[in-house]
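Q: quick one, fold the following:
(one chain, ligands or ions: 1)
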Amino acid sequence: MQAKLFTPLQLGDLTLPNRVVMAPLTRNRALPDGDVPHDLNARYYAQRASAGLIIAEATQISPEGKGYIQTPGIYSDAQVAGWQKVTDAVHAKGGCIFLQLWHVGRISHVSLQPDGQQPVAPSPMTASAQTFIETGFADVSEPRALETDEIARLLDDYRKAAENAKAAGFDGVELHSANGYLLDQFLRDGTNKRTDAYGGSVENRTRLLAEVLDTITKVFSPKRVGVRFSPFSAFNDMSDSDPMATFATAVARANDAGLGYLHLVEGEMAQSRNLPPEADIAKLRAGFDGAYMANNGYNRQLAIEAVESDAADLIAFGRPFLANPDLVERLEKDAPLNEPDQTTFYGGDARGYTDYPTLEEVTA
Ligand code: PHB
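A: Below is the predicted model of the structure:
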């Protein structure tokens, strides 16, 4: 019998042909002039169009939202035109593609910011973290706290980014609220020391998330919107005194917004599936009525079992998908996988990007 992983899933009005999702992956291959997606990116995503859903890489909603070199944006006309090439190429192969909306907050460097300004954050606390700039790895810069009266402008940036994603032909969007970037910095009390309506209680710390979700679900119907959290990951110097309480409320906000899916990084981002003793993924998931997308270190067996047992509806694969354009077919056939080459993950050209062979090409 065919494993449920390879059967369709209804996501609102979208019928995903299978439950194998391409996770959002930063590859730093936008054009350096203006952070514009181009033909090479279109080829890469089109090669992976047999995914049940592609979540395109984290994409800054504004110049201020940028934290690494050559990550794409979705705020300029040139970026919209570049992304249109990507969505056209994926749709031509029958695929479905969402864009991940990103603001890095404090995980940035003055050299990447407009006019060399300080990055923004909920509170003026410098992360013990590094980013990649023109000259290589660098410690992130000291951020300044966003003023309360800047939130309206921030929401407007999210609205415009969602509108641009729609104009560029994306089928939906995923809100990046994970991995220590801006929205995650607001959620967790290790990074949010605000005393206004956006800090303090968990109600307040989840307020910005709720407002952003309200904003973008006016652009895309709620079922075409997902959200990603990484409740138990310390990546980018993150911590929270009570992650279950914080993220149960964050999940409730996502549920109230009627989102199509909840996407969790289970464990330490890109590192391990280990969870602290208090972590209860099933409990977080139980607070959400839509589809549950699980991520982090899944292999074929784990993925098949998770979907078969209804522990998850969708499984997002990162590194296996970057190294295997035909990952769905390979998993279905239980065929061997290409190994990902770490040295070409971030930046560069077609090498390690569009030159991973399909099964057919390997066996030819
Ligand atoms: C990264 O560039 O290292 C990166 C970007 C987005 C993430 C996680 C890591 O969500």
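
Q: only C-alpha atoms for contact and neighbour calcs from this point on.
A: Will do.

Q: mean confidence score for stretch 271-282?
A: Across stretch 271-282, the average pLDDT comes to 94.

Q: which bits of this structure sit near the ligand?
A: Residues of the chain found near the ligand (CA under 6 Å from any ligand atom) are Thr26, Ala58, Asn179.

Q: show me the strands in the stretch 51-200 of the chain, by range?
A: Using DSSP state E, counting those that start in this stretch, the strands found in the stretch 51-200 of the chain span residues 53-60, 97-102, 120-121, 130-133, 136-139, 144-145, 172-176.

Q: reformat those strands as TSV; add mean pLDDT.
A: Formatted as TSV, those follow (pLDDT from 0 to 100):
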stretch	mean pLDDT
strand 53-60	99
strand 97-102	99
strand 120-121	98
strand 130-133	96
strand 136-139	96
strand 144-145	98
strand 172-176	99
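
Q: can you put those strands in CSV and add mean neighbour count?
A: Output for the strands of the stretch 51-200 of the chain, formatted as CSV (neighbours: other CA atoms under 10 Å):
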stretch, mean neighbour count
strand 53-60, 24
strand 97-102, 27
strand 120-121, 25
strand 130-133, 18
strand 136-139, 12
strand 144-145, 18
strand 172-176, 26
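
Q: distance to Ser241 added to these, as TSV?
A: Converted to TSV, these look like this (distance: least, CA to CA, whole Å):
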stretch	distance to Ser241
strand 53-60	27
strand 97-102	25
strand 120-121	19
strand 130-133	24
strand 136-139	25
strand 144-145	21
strand 172-176	21
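
Q: wait, Phe137 sits on Ala129?
A: No. Counting by CA atoms under 8 Å, Ala129 is not a contact partner of Phe137; they are 10.0 Å apart.

Q: check contacts around Lys4.
A: With contacts defined as CA atoms under 8 Å, 6 or more residues apart in numbering, the neighbours of Lys4 are Ile304, Val307, Glu308.

Q: which of those sits closest to Gln10?
A: When the contacts of Lys4 are compared for distance to Gln10 (CA to CA), Val307 wins out at 14.3 Å.

Q: quick one: buried residues of the helix or strand the closest one falls within?
A: If you go by DSSP states H and E, Val307 is part of helix 300-308. Neighbour counts over helix 300-308 (16 or more other CA atoms under 10 Å) mark Arg300, Ala303, Ile304, Ala306, Val307 as buried.

Q: out of those residues, which is nearest to Lys223?
A: Val307 (20.1 Å).

Q: I'd guessed that closest one sits against Arg300; true?
A: No. Counting by CA under 8 Å, Val307 sits too far from Arg300 to count as a contact (10.8 Å).

Q: helices and strands of the chain: which one bottoms out on pLDDT?
A: Sorting the helices and strands of the chain by mean pLDDT, DSSP states H and E puts helix 359-363 at the bottom, at a mean of 89.
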